[in-house]
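S.K.: Quick one: sequence and predicted model below, then my questions.
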Amino acid sequence: MTDGTSGTIRLHVNGVTHERHVDHRRTLLDALREDLGHTGPKKGCDRGQCGACTVLLDGRRVVSCLTLAVAAEGAAVTTVEALAGDGEPAPLQRAFVRFDGFQCGFCTPGQLCSAAGMLAEHAAGWPSAVTADLSPDAPPPPLDAAEVRERMSGNLCRCGAYPSIVRAILDTAAGEGVAE
């Protein structure tokens, strides 16, 4: 018997479909970590302010602590575990290591997912709050440090690795492209 506050949903996480019975108030973060064992997304503030729980939902960045699991039903959820292909680090992950953009590592999964999402947004021509020309026929804005800092502003790093994170993202955008 059900009282209408729970139900069975299908979550497509990192290419694998999972069917689970969940409380409708359960967050995507709790479903990923506790129900499915994906420990990449971190529970930092649990208020959507730090970005440690950032995942991609159909390619768009979301903070999974504020996203209900039922809202992700039928969507493709990508966690940091899926950014690497065939066991090899993605270009973005290699750049984070090369430029020391990970420090303690707690925020790194959210930073990486957010960076992959923002690089895709930029490639699609989406403007940010610091984009100079917002006219509809404007070319995509150049990806510079100011653009990266603005686009990544929802992800906090307690270690202060921001300069290294920005360099890693810019290096990836300039050279190797977004994570495959």
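M.R.: Right, received. Where do you want to start?
S.K.: Please identify which helix or strand holds the nearest residue to A129 once chain neighbours are set aside.
M.R.: Sequence neighbours aside, E150 is the residue nearest to A129 in space, at 5.4 Å (criterion: C-beta to C-beta, 6 or more residues apart in numbering). C-beta coordinates here come from the backbone N, C-alpha and C atoms, glycine included. For E150, the enclosing helix or strand under DSSP states H and E is helix 145-151.
S.K.: what's the helix or strand just after that helix in contact with?
M.R.: Past helix 145-151, heading to the C-terminal end, the next element that is a helix or strand (DSSP H and E) is helix 162-171. Contacts of helix 162-171 with the rest of the structure, by C-beta atoms under 8 Å, 6 or more residues apart in numbering, involve 92, 95-96, 98-101, 103, 111, 115, 118-119, 143-145, 148-149, 152, 157.
S.K.: just to revisit the earlier point, how many neighbouring residues does the residue nearest to A129 have?
M.R.: The number of residues packed near E150 is 14, by other C-beta atoms under 10 Å.
S.K.: Next, find the distance separating it from V63.
M.R.: As for E150, its distance to V63 is 17 Å (criterion: C-beta to C-beta, to the nearest Å).
S.K.: ok, now A138?
M.R.: 29 Å.
S.K.: Settle it for me: which of the two has more neighbours?
M.R.: V63 (26 against 12).
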